[in-house]
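Trainee: Structural data only, the sequence is not supplied:
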């Protein structure tokens, strides 16, 4: 049986991988498997779970300079947390003994911008599927529109992105009995992170709960 990678060690690996990426020091093909493909075909042992945005500019394996089998990646517009995403995190954490979950948002997120625009000027006959994404983002950003931030679009989006990441982190920490037990008893750590499209740097925050 493969040894469990503790959450703090997994976090350190991600930080070091992002440092290599942002510094243009990547020395290997990002899809190079550290485990032989024949072994990966029979099993997987990802050391971190990444719940990230679907944005084409933020592929987790690349921005963290990791290879095949290293990360269990779940991607959805706006890195929202709905039942299927929670179930995917539960599956990986329980099945593979993965002890780190990262909610990875990013600057200038289109899903956040679209939600703010929809709240300010609702669209007629909005697709119910797109509306479902807006409805997931809404609770974390709606209150910001009632502040002075509404007069500063760039600052509003910046704050809304971070607020949405934190909401997803809180949902995973407190919205799943399975994950709550893993946090309490087995060292699971759920953290938020924001990727900068401008610099390539991932800023991790709120790292204190669990682990």
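Mentor: That came through fine. Fair warning: this is a prediction, and the values are worked out from it, not measured in the lab.
Trainee: and the residue lying farthest from the centre of the chain, helix, strand or coil?
Mentor: Taking CA atoms, centre = their mean, the residue of the chain most remote from its mean C-alpha position is residue 124, at 30.7 Å. Under DSSP: H, G, I helix; E, B strand; the rest coil, residue 124 falls in the coil class.
Trainee: Phi first, then psi, for it.
Mentor: phi -70, psi 140 (degrees, to the nearest 10).
Trainee: Okay, buried residues for the host helix or strand of residue 84 please.
Mentor: Using DSSP states H and E, residue 84 sits in helix 83-95. Residues 85-86, 88-90, 92-93 are the ones in helix 83-95 that count as buried (16 or more other CB atoms under 10 Å). For glycine as for every other residue, the C-beta is placed from the backbone atoms N, C-alpha and C.
Trainee: Determine the set of other helices and strands touching it.
Mentor: Other elements packing on helix 83-95 under the criterion 3 or more CB pairs under 8 Å, 6 or more residues apart in numbering; DSSP states H and E are strand 48-52, strand 71-75, helix 153-174, helix 177-186.
Trainee: and the ones you listed, which is most packed in?
Mentor: Of all those, strand 48-52 carries the top mean neighbour count, a mean of 26, counting by mean count of other CB atoms under 10 Å.
Trainee: what's the very next helix or strand once past that one in contact with?
Mentor: As assigned by DSSP H and E, the chain's next helix or strand after strand 48-52 is helix 60-63. Contacting residues not belonging to helix 60-63 are listed as 18, 21, 30-31, 50, 52, 66-67, 70-71, 73, 75, 104, 195, 200, 202 [CB atoms under 8 Å, 6 or more residues apart in numbering].
Trainee: Cool, thanks, talk later.
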